[in-house]
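Student: what's the 3D shape of this:
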Amino acid sequence: MSTEMIPTRPYLLRAIYEWTNDNKLTPYLLVNAELPNVHVPRQHVQDGQIVLNIAPHAVHHMVMDNDAVSFSARFGGVSQQLYIPMAAVLGLYARENGQGLFFDPQEYESYQASTADQSADGVQNETDQAADQNAAKAPTKKPSLRILD
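Tutor: Residues are numbered from 1 along each chain as shown. Take a look at the predicted model:
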């Protein structure tokens, strides 16, 4: 049994999402689009980040669990399936007033390393190895925040 705790990010993300909806605000999700397994429309990525409107009327079939946020949304009239691992979520805030939460990008570094080490036979599977190789190739860059009008 592991003593490693699940990060607080998924729980806080769900709470802020509910808060924005309860107050009739538009929830915007700030995503690091450069991390492995992030599936977002690349044509809208700027400086390695993308801001997504995740209001209930803008998305379909949204699932926000402890591992990822996934939903379908339309971009230029074309429906796309998006997948954002929780480690790639940098923040969630209200478009109207900028209030919300922004997360430490390094929060998941130790968590991901420990969960990869917990494989039954002590050997990482091919998917984990490919993700590790992609992460090693990705340039390390400080996240930046843009103010949207």
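Student: Nearest the middle, which residue of this protein would you pick?
Tutor: Central residue of the chain (Cα atoms, centre = their mean): residue 89, 2.8 Å from the mean position.
Student: residue ranges for the helices of this structure, please.
Tutor: With DSSP state H as the criterion, the chain has helices at 9-22, 107-117, 126-137.
Student: By mean pLDDT, show me the worst of those helices.
Tutor: Lowest mean pLDDT within the helices of the chain: helix 126-137, at a mean of 45.
Student: show me the contacts for the closest residue to residue 69 other than its chain neighbours.
Tutor: Excluding its sequence neighbours, the residue lying closest to residue 69 (Cβ to Cβ, 6 or more residues apart in numbering) is residue 84, at 4.6 Å. (Each C-beta comes from the backbone N, C-alpha and C, glycine too.) Residues in contact with residue 84 (Cβ atoms under 8 Å, 6 or more residues apart in numbering) are 29, 31, 38-40, 68-70.
Student: for residue 93, same thing?
Tutor: Applying Cβ under 8 Å, 6+ apart, we find residue 93 in contact with 16, 20, 27-28, 30, 99-102.
Student: How many residues are close by residue 53?
Tutor: Residues near residue 53, counting by other Cβ atoms under 10 Å, number 13.
Student: so it makes contact with residue 25?
Tutor: No - if you go by Cβ atoms under 8 Å, residue 53 and residue 25 don't touch, sitting 11.3 Å apart.
Student: any shared contact partners between those two?
Tutor: By Cβ under 8 Å, 6+ apart, the residues touching both residue 53 and residue 25 are residue 95.
Student: and residue 41, how far is that from residue 101?
Tutor: Remark: distance between residue 41 and residue 101 (Cβ to Cβ, to the nearest Å) = 24 Å.
Student: swap that for residue 90, please
Tutor: From residue 90 to residue 101 the distance is 10 Å (Cβ to Cβ).
Student: Neighbour count for these two, which is higher?
Tutor: Using other Cβ under 10 Å as the criterion, residue 90 and residue 101 rank with residue 90 on top: 22 against 16.
Student: Skip the chain neighbours and tell me the closest residue to that one.
Tutor: Once flanking residues are discounted, residue 90 sits nearest to residue 30: 4.4 Å by Cβ to Cβ, 6+ apart.
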